[in-house]
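A.B. asks: here's my sequence, what's the structure:
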Amino acid sequence: MNNSKVRIPKEIAPDVFAQAAQLYAQENQDYSLEEIMQAGAEVQIPPEMIQQAIQQIQAKQIRERDRQRKLKLILTSGGIGAAIALFGFWTYNTFASNATPSGRSLEASLPSANLANVNPLDIPPAPPPELPPTAGTTFTGEVKQYLLNPEGKVDGLLLNNGLQVKFPPQMADSLVRIITPNTKVSIFGDPGFSTRFGQEVRAKSITNSQTGQTLVEQPPTIAPQPPSLSNYSTLSAQGTAQNWLVGHRGEINGVIISNGTIVKFPPHVGEQLTSMANIKNTIQAKGFGTRNRYGQILEATALSVNGQSVSLQPKAITSP
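C.D. replies: Okay, here's the model as predicted:
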């Protein structure tokens, strides 16, 4: 610069740094770890935070590549529509606890930096981020309806106050024996992030407040199995949104419509709906799922909200 003493307002400093990174990236296709550290130091980003950001991005890319490889294998074996929906949902549920929380990171500060080219051998993989530990919280309410997984097993409860209670599906038979719709319950568990769309609670115990019967979470005795296409039917549903469903980190991953049908979709689809999702939205959905005495659930392969089609395509990722 002609005058190194020119002061840059703090409000535009992040944009200046991002633009400079873009210009620099036009001449440099990748960065060494040392260069990334030096760049971060210029804006007072601690080195350990940069390293953590790189590790999280790498872990996310590995999970996405693995997911897309599995989807391609399913596509070549037939049952395209059902396989995409069911395997995608099963994969998400299996790895949901490893999801990277949203928020501003080095990837946002350096949008053109090709962090995928950092040698993973140089940086040990970081453990998946976790919510702060909690001893548990007690909630009360009245059961509005059962929540189901795509196999039709009861894996939770929707309370009349909007709370979404999750419970292990292998305990479904025990749960429905002591808890029914319109039952007043006391829930002890780990609360997720509260959003305007609702809040999920991972229950450690569920008590029928009227009978005093309590069901305590137990670990599964066998490993979860991939879904079998023979267990599912082609379903469609339409109605108005009654409750938007969320995951533990507050991400939208489904909706319950006016006829009671649960429509599920991956969280990246929910990101498109954040600004438009509201109660009474008109919902139309087609997909694959199950219907039984506990309700109806479908994993969407086509979805529209207020007549506007919502893309269900997986996010594109950059190969390292």
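A.B. asks: how about the secondary structure of Arg177?
C.D. replies: In three-state terms, and counting by DSSP: H, G, I helix; E, B strand; the rest coil, Arg177 is helix.
A.B. asks: kindly apply the preceding question to Ile45 instead.
C.D. replies: coil.
A.B. asks: what is the neighbour count of it?
C.D. replies: 19 (other Cβ atoms under 10 Å). In short, each C-beta sits where N, CA and C put it, glycine included.
A.B. asks: ok, it to Gln56 distance?
C.D. replies: 14 Å (Cβ to Cβ, to the nearest Å).
A.B. asks: quick one: Phe139 from Glu271, how far?
C.D. replies: 27 Å.
A.B. asks: who's more crowded, the two?
C.D. replies: Phe139 (17 against 13).
A.B. asks: specify the beta-bridge partners of the more buried one.
C.D. replies: Ile187 (DSSP bridges).
A.B. asks: show me what contacts the nearest residue to Gly289 once chain neighbours are set aside?
C.D. replies: Nearest non-adjacent residue to Gly289, counting by Cβ to Cβ, 6 or more residues apart in numbering: Leu298, 3.4 Å away. Contacts for Leu298 were tallied using Cβ atoms under 8 Å, 6 or more residues apart in numbering; they are 150, 235-237, 261-264, 285-289.
A.B. asks: what does Pro219 give?
C.D. replies: Pro219 neighbours (Cβ under 8 Å, 6+ apart): Pro168.
A.B. asks: check for me that it belongs to a helix.
C.D. replies: No - applying three-state DSSP, one finds Pro219 to be coil, outside a helix.
A.B. asks: distance of it from Pro168?
C.D. replies: 8 Å.
A.B. asks: then Val263?
C.D. replies: Counting by Cβ to Cβ, the gap from Val263 to Pro168 is 22 Å.
A.B. asks: ok, now Leu298?
C.D. replies: Counting by Cβ to Cβ - Leu298 and Pro168 are separated by 22 Å.
A.B. asks: tell me where the stretch 201-320 of the chain has strands.
C.D. replies: 214-216, 233-246, 252-257, 262-264, 282-292, 295-305, 308-309 (DSSP state E, counting those that start in this stretch).
A.B. asks: remind me which residues of this protein are low pLDDT?
C.D. replies: Flagging of the chain using pLDDT under 70 yields the residue ranges 1-44, 46-52, 54-55, 58, 61, 66-135, 224-230, 315-320.
A.B. asks: rewinding a little: among the contacts of Leu298, name the buried ones.
C.D. replies: 150, 235, 237, 261-264, 285-289 (16 or more other Cβ atoms under 10 Å).
A.B. asks: and which of these is nearest Phe188?
C.D. replies: Nearest to Phe188, judged by Cβ to Cβ, of these is Ile262 at 24.4 Å.
A.B. asks: what's the local residue count around the nearest residue to that closest one once chain neighbours are set aside?
C.D. replies: Among residues not flanking Ile262 along the chain, Ile297 sits closest, at 4.2 Å (Cβ to Cβ, 6+ apart). As a burial measure, Ile297 scores 29 neighbours (other Cβ under 10 Å).
A.B. asks: wouldn't Ile297 be in contact with Phe265 here?
C.D. replies: No - assessed by Cβ atoms under 8 Å, Ile297 is found out of contact with Phe265, at 11.7 Å.
A.B. asks: overlap in contacts, those two.
C.D. replies: Counting by Cβ under 8 Å, 6+ apart, nothing touches both Ile297 and Phe265.
A.B. asks: may I have the phi/psi pair for Gln170?
C.D. replies: In terms of degrees, to the nearest 10, the main-chain angles of Gln170 are phi -70, psi -10.
A.B. asks: count the residues that sit near it.
C.D. replies: 15.
A.B. asks: the helices in the stretch 101-250 of the chain, which residues?
C.D. replies: Applying DSSP state H, counting those that start in this stretch to the stretch 101-250 of the chain gives helices spanning 106-109, 172-178.
A.B. asks: which residues does Val201 contact?
C.D. replies: 137, 139, 163-166, 187, 189-192.
A.B. asks: and Lys204, how far from Ile257?
C.D. replies: 30 Å.
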